[in-house]
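Got a predicted model here, sequence first, then my questions.
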Amino acid sequence: MKQRSMTALVSAFARAFHAKSDGVKIFDDALARQLLTEEEYDGISFNMSENVAVFEPGFSGTREEALRLIVDRQLSPTPLGRSAFTEEALEAAVALGAKQYLLFAAGYDTFAYRQPEWSKQLAIFEIDHPATSADKQQRLLSLGRDKPANLTALASDFNEADWSRVLLECPIFDKNQLSFGSLLGISYYLTPERFAALLKDIASIMPSGSSLVFDYPDEHTLTDSAGPRAKRQVMMVAHAGEPFLASYSYSAMEQLLEESGWLIYRHLVPGEITEELFGAYNRCHPEQPITAFDNVNYCLAVKR
């Protein structure tokens, strides 16, 4: 059986580390720290700071300074930015009538356990690989966290042709109800053909007017013209056994979405992400600003 995702754990670590920041936060997920064991948190901290020369050649400073530098420059930008973008879009969708929130490949997302008042009437569905789903539920159980009444956790493998069956057969799920979906951190690890099939599958179970948020690597990610952080990210995930399999130009993504039943509603490139989502934090922390990855874009698409 596939083991828990190391990239998902590192993403949770990045959110947990940022939650300790003073003042304004890009995205506040204090619960993420509780999902990680002391051994995991300390192990990731040690490994990152120990390898600071890989991330920042010539660095001189303490282990704590090294860790902060690596987290802010390498680990945090994408997990924080895409989570903030998603939950802002979700709140807007709920105001427009969305009644279901579908977290595809939910990983260690904690939204269901820190719900704001505006989401209390949502039916929330977390769909993920059986190994990751079971691991997350075990962690929450060990914390004594009761499952929210409006949350349904479903185990399914997106590599299987009938992955959506568990959702469609769930008596609580209504495929005719206006819905909002998130598909974060997934487009990187699927071939274009598999990603297109997944987008088509999702479109088939959501009515017109529903929306979907996802992030994706741009067309330069796997080339020599990629930014240094993107190159390091590609190296890191390959070393973790989860290599990038695709990258997309805007026009290629637009065509792929249109052929899959979606239209782009909002699209943010790195400069826009930094200004819109990180601006307030950076003004509060000018000594060490956080900037979006050069080669990662965010997209909000609407079902035709």
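Happy to help now that I have it.

C-alpha from now on. contacts and neighbour counts both.
Noted.

Now do the SS call for the residue located most distally from the centre of the chain.
The outermost residue of the chain, judged against the average C-alpha position, is S60 (31.6 Å), by C-alpha atoms, centre = their mean. Under DSSP: H, G, I helix; E, B strand; the rest coil, S60 falls in the coil class.

The closest residue to L143 other than its chain neighbours and A196: what is the separation?
Excluding the flanking residues, the one nearest L143 by C-alpha to C-alpha, 6 or more residues apart in numbering is Q34, at 7.6 Å. Distance of Q34 to A196, given as C-alpha to C-alpha, to the nearest Å: 35 Å.

okay, these two: which has more neighbours?
Taking neighbours as other C-alpha atoms under 10 Å, Q34 and A196 compare with A196 leading, 18 against 15.

show me what contacts that one?
A196 sits next to L256, L257, S260 when contact means C-alpha atoms under 8 Å, 6 or more residues apart in numbering.

for R304, same thing?
Taking C-alpha under 8 Å, 6+ apart as the test, what R304 contacts is S208, G209, G261, W262, L263.

circling back: so which of the contacts of A196 sit within helices?
L256, L257, S260 (DSSP state H).

Could you pull up the residues touching the second one?
Under the criterion of C-alpha under 8 Å, 6+ apart, the contact partners of L257 comprise A196, L199, L263, I264.

so what's the residue farthest from the centre of the chain scoring on pLDDT?
Looking at S60, its pLDDT reads 92.

Put the buried members of the contacts of R304 into a ChimeraX selection.
A single ChimeraX command selects the buried members of the contacts of R304 (16 or more other C-alpha atoms under 10 Å):
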select :208,209,261,262,263
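
Strands along the stretch 201-304 of the chain, start to end?
Assigned by DSSP state E, counting those that start in this stretch, the strands in the stretch 201-304 of the chain fall at 211-217, 262-268, 296-303.

now for the ones you listed, which one comes closest to Q137?
strand 211-217 (23.7 Å; C-alpha to C-alpha).

how distant is the closest one from the center of its chain?
9 Å (C-alpha atoms, centre = their mean, to the nearest Å).

so what strands line up beside it?
The strands beside strand 211-217 in its sheet (DSSP bridges) come out as strand 179-183 (parallel), strand 296-303 (antiparallel).

ok, P270 - contacts?
T291, A292, F293, D294, N295, V296, N297 are the contacts of P270 under C-alpha under 8 Å, 6+ apart.

Please apply the same query to P217.
The contact partners of P217, by C-alpha under 8 Å, 6+ apart, come to S187, Y188, A246, S247, Y248, N295, V296, N297.

quick check, nearest of the residues you listed to E160?
So of the contacts of P217, ranked by how close each gets to E160 (C-alpha to C-alpha), first place is S187, at 16.1 Å.

Need the CA coordinates for stretch 273-280. PDB is fine.
Presented in PDB, the C-alpha positions along stretch 273-280 are these (Å, rounded to 0.1, in the frame of the first residue of the first chain):
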ATOM      1  CA  ILE A 273       0.200  36.200  -5.600                       C
ATOM      2  CA  THR A 274       2.900  38.100  -3.800                       C
ATOM      3  CA  GLU A 275       1.000  41.400  -3.900                       C
ATOM      4  CA  GLU A 276      -2.500  40.100  -3.200                       C
ATOM      5  CA  LEU A 277      -1.800  37.300  -0.700                       C
ATOM      6  CA  PHE A 278       1.500  38.200   0.900                       C
ATOM      7  CA  GLY A 279       1.400  42.000   0.800                       C
ATOM      8  CA  ALA A 280       0.000  42.500   4.300                       C
END
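
got the contact list for it?
V24, K25, I26, G81, A84, F85, I290, T291, A292.

Select only the buried ones of those in PyMOL?
Typed into PyMOL, the line below selects the buried ones among the contacts of stretch 273-280, using 16+ other C-alpha under 10 Å:
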select buried, resi 25+26+81+84+85+290+291+292
